[in-house]
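Participant: what follows is a predicted structure for the sequence shown.
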Amino acid sequence: NQVLLGAKAVVSTQSTGMRDFYKGYTDPETRAATLKHGRAVQPTGGKKFADNEFFGPDGASTAKKDSTLPGDEIHTDGERNIGEGFMADVLDREFVTMNKLPPEVRKQLRVKFDNRPYFTSWVMFVNIVIVIITLATQSIAPVGFVDKLVTRQLLRHNLAYETIGYNQTTNFWIGPDYQSLIHLGAKYSPCMRKDKAYFDKIDEDTAVEDTSGCCIRTDLNACWQTHRSMCTSSFAAFKEGKVCGLAEEGCANEAYNNASLWTGPPSTWPDCPIQAEKKKSLKVDKDSLPEAQKDKWDHLLCEVSARPCCVGLQGECTVISQEECSFRKGFFHENATLCSQVSCITDICGLSGFLWDNIPDQFYRALLPTFMHAGVIHLAITLVFQATILRDMEKFAGWWRIGFIYFASGIGGTMLSAILIPYQPEVGASGALYGILASLIVEVVVNWRIYKSPILELAKLLLLVALLFLAGLLPWIDNYAHIGGFIFGFLTSFVVLPHVNFSEEDRIAKLVVQIACGVLSVVLFALLFVVFYLAQGSTCENCIYINCIPFTDSFCQDSTMELRPRIGN
């Protein structure tokens, strides 16, 4: 009897000690688990805990030294303590023993983080909706890594049936082609600024266009703007310096009845094409002309069979028939005769257009691509990351902190990519997601002392990031956005992530680092925007190997930083 009474007394003492330790905690699940297991269960989750840890009546721990922090595997859903979480489970993290840390540190580690993943849920919903809208309004591109030659026989502008073809961009993500993605808001520098190289190329091509002429079929049933070398039909005549359907004699607008307006290069002429009534009048007047001048107005009386068509990723302008333009998925301008009369960049960029003509200003493309995806596979990868790592980090840091890191990383990655590969369209949240990966590294660095082998834990994360950067060497994966996102995620995570202060000196040191990282983030953001808008042409020739390694001649063809000619026939 005395033995049994002694055992009851021990149990009673232990239960009292645990109740005293948890005085102030009202979570019934935690209290029930504590009493059930016969040991103190922390109110926060964790990796490992000694099975024989007890607390005496005074609350003092009598655990063996193999107990580890931050708690026990039994915890309330939604909790996420410092050092814990999805990646801690994946990488099998181990922590130092609780009794090796000062009481004030143990107190910080017992703080519960049970933030709801509102931001993660919202951004996942937006990503899904945008992809659904994209797939519903745009056609799916051929699946592949290199351009696909598409051919068709059709009636061309010279009224002859010919087999023509063009290289259609492919998309291995199972989604629309990249011209469609640009039109919907992808990162594309010529849509975000008045790109000097792009508009210099337009000026060069306009000068070439000013040397063109009108190629006219002898029966006047077709005519088109081209160069003498392209007007080779024996049934056509070439009129040097003439514009099909455009001249002072054919302009019915009295505002343009000034000879000085028509004396310069054709690209400077008023946009005043001949109208039907004026054409009838000229046909009557033609009969009164001498025989040698009968063809004087042929370029006005002929049927214009080719108009400017804006095609391709870079909005190249080519003068072709409407049928051919539709086949090449271009933007046809039925009322224009010269490429200099149209703004292909406005057609390609789409969205809200520009505030002023030919001055691209869609700066919001620095953020918009973060919500877009190239296809179904691309979206699936993003959702898996967001549902695991992003959700876990938001439970720990809260919606505004993780949202700040996410958007700062996304914008920073997009801007770096826009500087280094301005003519390669990109979409996706990879820059933002790499910023979240950087926050995992920061969490280890600022809480260094709670890990049993912090160098090993850091090495695991760095190895994971390195493998992901290697995957970024594939075509159509933007490693520049990854790098930019990682840098800004690293800096902003130092500023806003919760952390443990191990001493007063440690608190001051971390405060200094927070201020320094905040200032550096602002400086880098300002530098990116200054370089992007004011120091155009700041490229890195050898940096292409960071973004894609050309294992074959065509492997990295879509990672080019070169502009293609804008005008062609």
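Facilitator: Cool, the structure landed. Predicted, not measured: the structure shown is a model, and the values here were computed from it.

Participant: which parts of the stretch 451-569 of the chain are strands?
Facilitator: When assigned using DSSP state E, counting those that start in this stretch, the strands of the stretch 451-569 of the chain occupy the ranges 567-568.

Participant: what about residue 232, neighbour count?
Facilitator: The tally of other residues near residue 232 (other CB atoms under 10 Å) stands at 11. All C-beta atoms are positioned from the backbone trio N, CA, C, and that covers glycine.

Participant: that one: which element?
Facilitator: Taking DSSP states H and E as the definition, residue 232 sits outside all helices and strands.

Participant: which residue is nearest the centroid of this protein?
Facilitator: Closest residue to the average C-alpha location of the chain: residue 427 at 3.2 Å, with CA atoms, centre = their mean.

Participant: now that residue: closest residue in space, sequence neighbours ignored.
Facilitator: Distances taken as CB to CB, 6 or more residues apart in numbering put residue 372 closest to residue 427, at 4.0 Å, once the chain neighbours are dropped.

Participant: thought that neighbour was touching residue 130?
Facilitator: Yes. Here residue 372 reaches residue 130: they are 5.8 Å apart, a contact under CB atoms under 8 Å.

Participant: of those two, who's got more company?
Facilitator: Using other CB under 10 Å as the criterion, residue 372 and residue 130 rank with residue 372 on top: 24 against 18.

Participant: confirm that residue 428 sits in a helix.
Facilitator: No. Per DSSP: H, G, I helix; E, B strand; the rest coil, residue 428 lies outside any helix segment and is coil.

Participant: how near is the residue nearest to the centre of the chain to residue 443?
Facilitator: Per CB to CB, to the nearest Å, residue 427 is found 29 Å from residue 443.

Participant: kindly report the same for residue 489.
Facilitator: Taken as CB to CB, the span from residue 489 to residue 443 is 12 Å.

Participant: likewise for residue 298?
Facilitator: Applying CB to CB, one obtains 76 Å for the distance of residue 298 from residue 443.

Participant: ok, now residue 246?
Facilitator: Taking CB to CB as the measure, residue 246 falls 66 Å from residue 443.

Participant: also residue 335?
Facilitator: For residue 335, the distance to residue 443 equals 60 Å [CB to CB].

Participant: over to residue 159?
Facilitator: 69 Å.

Participant: then residue 300?
Facilitator: Computed with CB to CB, the distance linking residue 300 and residue 443 is 73 Å.

Participant: what does residue 231 give?
Facilitator: Here the distance between residue 231 and residue 443 works out to 69 Å (CB to CB).

Participant: also residue 454?
Facilitator: In this structure, residue 454 and residue 443 are separated by 11 Å, where distance is defined by CB to CB.

Participant: cool, and residue 324?
Facilitator: Between residue 324 and residue 443 the distance, using CB to CB, works out to 57 Å.

Participant: longest helix anywhere in the chain?
Facilitator: With DSSP state H setting the assignment, residue counts place helix 504-534 as the longest helix in the chain.

Participant: buried residues in that one, which are they?
Facilitator: Of the residues in helix 504-534, those buried by neighbour count under the rule 16 or more other CB atoms under 10 Å are 506, 510, 514, 517, 521, 524-525, 528, 531-532.

Participant: so what's residue 487 closest to, chain neighbours aside?
Facilitator: Counting by CB to CB, 6+ apart, residue 487 lies nearest to residue 412, which is 6.7 Å off, once chain neighbours are set aside.

Participant: residues touching the one you found, list them.
Facilitator: Residues in contact with residue 412, defined by CB atoms under 8 Å, 6 or more residues apart in numbering, are 431, 435, 484-485, 487-488, 524-525, 528.

Participant: ok, residue 550 - contacts?
Facilitator: Taking CB under 8 Å, 6+ apart as the criterion, residue 550 is in contact with residue 556.

Participant: okay, it: pLDDT?
Facilitator: In the predicted model, residue 550 carries a pLDDT score of 75.

Participant: backbone phi and psi for it, please?
Facilitator: Recorded main-chain torsions at residue 550 are phi -80, psi 90, according to degrees, to the nearest 10.

Participant: would you mind measuring from it to residue 176?
Facilitator: The span separating residue 550 from residue 176 equals 26 Å under the rule CB to CB.

Participant: do the same with residue 297
Facilitator: Going from residue 297 to residue 176 by CB to CB gives 46 Å.

Participant: got it, and residue 322?
Facilitator: Counting by CB to CB, the gap from residue 322 to residue 176 is 23 Å.

Participant: for whichever strand or helix holds residue 205, packing partners?
Facilitator: Following DSSP H and E, the helix or strand that holds residue 205 is helix 196-209. Applying 3 or more CB pairs under 8 Å, 6 or more residues apart in numbering; DSSP states H and E, we find helix 196-209 packed against strand 567-568.

Participant: try it again at 6 Å.
Facilitator: Under the contact definition 3 or more CB pairs under 6 Å, 6 or more residues apart in numbering; DSSP states H and E, helix 196-209 sits against no other helix or strand.

Participant: thanks a lot, catch you later.
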